[in-house]
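*Asks:* Pasting the sequence and the predicted model now:
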Amino acid sequence: MDERAGRAVFRLIGDDQRWRLLRELAATDLRVGELVERVGSPQNLVSYHLAELRKAGLVSSRRSSADGRDTYYRFEIGRCGELLCAAGASLAPSLRLASGRSEQRPAGRRRPTILFLCTGNSARSQMAEALVEHLSAKTVRARSAGSHPKPLHHNAVRVMAERGIDISRNKTKHLDRFAGTQFDRVVTLCDKVREICPEFHGAPLQSHWSMPDPATSAGPDGTDADTYPVFVRLADELEERIGLLLIELSATTTKEVPSGV
């Protein structure tokens, strides 16, 4: 990245309105109306800045699976990190930022706990649970559940197995099972579940990652025979977002919660 392009990155992110939008989206995927309410700006101004951020690849959008008239916006934190690395290096090579990975949990510290929720608990939340435990080397505890559990999807099992993770014996669970359990973080992966997500014990921090159900995809012949690539893309997206979440958790001091989740 040349010096001019580097300055453009800092101008883009440094704008107060765009900075506030990215700060909100860094925590959770949101709809335009929610962003308008959070930043206190008119919808046309919010939409303009979202369009500028989308052109730079810093924000992406996805139609809501709960209401097709709505669109969820996501902060592409990985892309932002790449641009900042390059922009820093264009200013001075010594300012090149190095991307990090989550640190190992210091001995004696309680493991943070995360609950992932979707509709069927057959793919998205099961894969997220497995990836957290795998990528954190079990220094973070994860659980998953669904509002309407159904059997584990074979493509979820296949994609995880290709990453060295065996979920073939996992059971799907209803979210009511964890009604009395205390978590540090609850992440909804389904737009429909976000609308009905109950309050959990201890008021954990809640985030939303808007991800379509890969099990609802159908191949050209009307079956799920050709949906394997959809599951691969889902796993890639989950791995990226979870990697960043683990870095965040490693830098955050969490309160003590009862064991036995």
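*Replies:* Yep, it's here. Residues are numbered from 1 along each chain as shown.
*Asks:* which non-adjacent residue is nearest Ser60?
*Replies:* What sits nearest to Ser60 in space, not counting adjacent residues and going by CB to CB, 6 or more residues apart in numbering, is Arg74, at 5.1 Å. From N, CA and C alone the C-beta is placed, and that goes for glycine too.
*Asks:* neighbours around that neighbour, how many?
*Replies:* Applying other CB atoms under 10 Å, we find 21 residues neighbouring Arg74.
*Asks:* got it, and the one 4 residues further on?
*Replies:* Counted with other CB under 10 Å, residues neighbouring Gly78 total 15.
*Asks:* Would you confirm that it contacts Ile242?
*Replies:* No. Gly78 lies out of contact with Ile242 (CB atoms under 8 Å); the separation is 11.8 Å.
*Asks:* all helices for the stretch 151-261 of the chain, in order.
*Replies:* For the stretch 151-261 of the chain, helices defined by DSSP state H, counting those that start in this stretch occupy the ranges 154-162, 191-196, 228-250.
*Asks:* Now Arg31. Its backbone dihedrals?
*Replies:* With angles defined as degrees, to the nearest 10, Arg31 sits at phi -90, psi 160.
*Asks:* do you know how far it is from Ser136?
*Replies:* Remark: distance between Arg31 and Ser136 (CB to CB, to the nearest Å) = 30 Å.
*Asks:* higher neighbour count, those two?
*Replies:* More neighbours surround Ser136 than the other of Arg31 and Ser136, with 25 against 18 (other CB under 10 Å).
*Asks:* my guess is the more buried one meets Glu248, correct?
*Replies:* No. At 11.9 Å, Ser136 does not count as touching Glu248 under the criterion of CB under 8 Å.
*Asks:* Looks to me like the residue nearest to Ser60 is in a strand.
*Replies:* Yes. Membership of Arg74 in a strand is supported by DSSP: H, G, I helix; E, B strand; the rest coil.
*Asks:* Next one: the nearest residue to Leu234 once chain neighbours are set aside, what pLDDT does it get?
*Replies:* Of all residues not flanking Leu234 in the chain, Pro214 sits nearest, at 5.1 Å (CB to CB, 6+ apart). The model reports Pro214 with a pLDDT of 93.
*Asks:* what residues are up against Pro214?
*Replies:* By CB atoms under 8 Å, 6 or more residues apart in numbering, the contact set of Pro214 is 123-124, 153, 155-156, 227, 230-231, 234.
*Asks:* Lowest-confidence entry in the residues you listed?
*Replies:* Ranked by pLDDT, the contacts of Pro214 bottom out at Thr227, which has 88.
*Asks:* What is the burial count for it?
*Replies:* 17.
*Asks:* What is the burial count for Asp176?
*Replies:* Residues within reach of Asp176, counting by other CB under 10 Å, total 10.
*Asks:* How much space separates it from Ala145?
*Replies:* Counting by CB to CB - Asp176 and Ala145 are separated by 8 Å.
*Asks:* now swap in Gly88 and tell me
*Replies:* Distance from Gly88 to Ala145, by CB to CB: 41 Å.
*Asks:* Tell me which of those two has more neighbours.
*Replies:* Neighbour count, other CB under 10 Å: between Gly88 and Ala145, Ala145 has more, with 22 against 18.
*Asks:* phi, psi of His7?
*Replies:* Quick fix: residue 7 is Arg, not His. Here is the backbone geometry of Arg7 (degrees, to the nearest 10): phi -60, psi -40.
*Asks:* dump the residue contacts of it.
*Replies:* Ala87.
*Asks:* Ala128 is nearest to which of the helices of the stretch 151-261 of the chain?
*Replies:* Nearest to Ala128, of all the helices of the stretch 151-261 of the chain, is helix 228-250, at 5.3 Å by CB to CB.
*Asks:* What residues of that closest one count as buried?
*Replies:* 230-232, 234-235, 238-239, 241-247, 249-250 (16 or more other CB atoms under 10 Å).
*Asks:* Before I go, just wanted to say thanks for your time.
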